[in-house]
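[1] Need a 3D model of the sequence below.
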Amino acid sequence: MTPIVRQLLLANVVVFLLVARGSGLYANLMFFPPDILVRPWTLISYMFLHGGFMHLLLNMLYLFFFGPRLEVRLGSRHFLGLYLTAGVVGALVHMASGFAIGAGPAPMVGASGGVFGVLLGYAIFWPRDQIYVWGIIPVEVRLLMTILILFAVVSGLGGAGGNIAHFAHLGGVAGAWLYLRVRDQTSAARQFQKKIESPGAKMGDRQLMEQWKRIDPEALHEVNRDTYEKISEKIGAEGPAGLTPRERTFVERFGRGAATPASG
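    Next comes the predicted model:
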């Protein structure tokens with residue numbers, strides 16, 4: 001099991017065992033929209049409280065099965081960032097929805113916002129993975145995620161589901177999506193892509209070919225190797241004159257050995 005998933009599981013179980021439901025400490029840790037300014041920590045602390053054993057068990061099972069692989073893919077820091085962002089946005093959406101649909105402010109506990117963020121992240125990276133509902137019915141993760149989102153929308157707008165905070169689930173999905181979007185836009189690979197999408201260098205074809213010969217394809221990161229192969233085919237068929245500004249910039253930068261971006 002990965003470090004952050006293990007720590008989150010442990011923290012949730014310990015809090016469940018030590019903080020009695022209905023106690024003063026429980027009340028000070030749960031999220032209650034009217035108190036957000038005087039108890040801002042509840043935007044995070046509510047995620048470690050649960051209304052009962054089955055509530056805790058279901059959330060922890062989702063985290064246990066879907067979290068580790070996503071943490072490996074994102075790295076522990078980004079996985080925790082996604083989880084907490086999803087939980088915080090889930091709380092904010094829960095608060096906003098209460099006023100928007102006239103339901104009024106309602107207290108909330110549970111890790112569902114963060115867990116739904118983890119589910120979305122998993123569905124984005126491995127959409128065709130199959131899970132077995134009730135251990136029998138195979139369902140692709142992307143379909144499961146779609147069903148869960150639609151159910152949350154319909155149930156939230158229809159007022160169904162009892163004490164389930166459906167809009168917090170939707171907020172968790174939105175928070176995770178935003179986190180991954182920002183992460184993608186600010187990653188090293190994305191920054192390099194923006195650079196090579198800028199107008200190409202003004203060097204002549206002869207200079208460009210000199211730079212091209214200096215590139216060692218074996219030294220390229222895998223995210224750039226496909227581009228190298230496409231440029232190689234185009235140079236063989238059309239010569240350097242057929243390269244786009246983006247492709248010319250790619251040759252210039254790697255020919256100089258000025259950049260070897262890592263995967264984001």
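[2] looking at this protein, which residue ends up farthest from its center?
    residue 206 (44.6 Å; CA atoms, centre = their mean).
[3] Can you find the helix or strand of the chain with the lowest average pLDDT?
    helix 188-196 (a mean of 60; mean pLDDT, DSSP states H and E).
[4] returning to what we had before: where does the residue farthest from the centre of the chain land in three-state SS?
    Look at residue 206: counting by DSSP: H, G, I helix; E, B strand; the rest coil, its state is helix.
[5] what do you get for residue 110?
    Following three-state DSSP, residue 110 is assigned to coil.
[6] Quick check: chain neighbours aside, which residue is closest to it?
    residue 50 (5.6 Å; CB to CB, 6 or more residues apart in numbering). C-betas here are computed from N, CA, C, even on glycine.
[7] For that neighbour, give me its contacts.
    Residue 50 makes contact with 12, 16, 56, 59, 109-111 under the criterion CB atoms under 8 Å, 6 or more residues apart in numbering.
[8] Return the member of these nearest to residue 141.
    Of all those, residue 59 has the smallest distance to residue 141: 17.4 Å, by CB to CB.
[9] List the contacts of the closest one.
    By CB under 8 Å, 6+ apart, the contact list for residue 59 reads 12, 50, 110-112, 115.
[10] Tell me where this structure has helices.
    With DSSP state H, the ranges of helices along the chain come out as 3-18, 24-29, 42-45, 53-74, 76-100, 112-125, 141-158, 166-186, 188-196, 205-214, 222-238, 245-255.
[11] Pick out the shakiest of these, pLDDT-wise.
    Of all these, helix 188-196 carries the lowest average pLDDT, namely a mean of 60.
[12] From residue 174, how far off is residue 6?
    Between residue 6 and residue 174 the distance is 27 Å, computed by CB to CB, to the nearest Å.
[13] returning to that earlier point: which among the contacts of residue 50 gets closest to residue 210?
    Distances from residue 210 to these, taken by CB to CB, are shortest for residue 111, at 57.4 Å.
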